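Participant: Turn this into a model:
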Amino acid sequence: MLEARNNLSQLIARAAAGEDVVIAKRDVPVVRLVPVRVDVVHGRGDLIVQWLDDHPLPERLARDPELLDLDVADEREGWE
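Facilitator: I've put the predicted structure just below:
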């Protein structure tokens, strides 16, 4: 991580050029740098949906839609 922080500009340039850049912490991969597609930045919904389909959440992070609805309802109750 420290090395990545010290070389972030170079790593970003390499990722923007198409290189697969993975940052690890204690030899365990943590994140991957990927270039932002200009067409996604401009808000084309179909491309955003396609990106989400191509990059699904890991199972450990995915939640059942019903549980999400309950979590949202619980959170909203806390606002009042």
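Participant: Correct me if wrong: residue 14 contacts residue 23.
Facilitator: No - the pair residue 14 / residue 23 is not scored as a contact, 11.6 Å apart, by CB atoms under 8 Å. For every residue, glycine as well, the C-beta is placed using N, CA and C.
Participant: Tell me the residues that contact both of these two, please.
Facilitator: Taking CB atoms under 8 Å, 6 or more residues apart in numbering as the criterion, residue 14 and residue 23 both touch residue 33.
Participant: Which helix or strand contains residue 51?
Facilitator: helix 45-54 (DSSP states H and E).
Participant: Buried ones in stretch 10-19, by neighbour count?
Facilitator: By 16 or more other CB atoms under 10 Å, the buried positions in stretch 10-19 come out as 11, 15.
Participant: coming back round to it: continuing past the helix holding residue 51, what's the next helix or strand?
Facilitator: helix 65-79.
Participant: what pLDDT, on average, does that following helix get?
Facilitator: For helix 65-79, mean pLDDT rounds to 88.
Participant: Please renumber the chain so that the first residue is 56 from this point on.
Facilitator: Sure, I'll start counting at 56 from here, so that last one is helix 120-134.
Participant: which residues make contact with it from outside it?
Facilitator: residue 118.
Participant: All set now, cheers.
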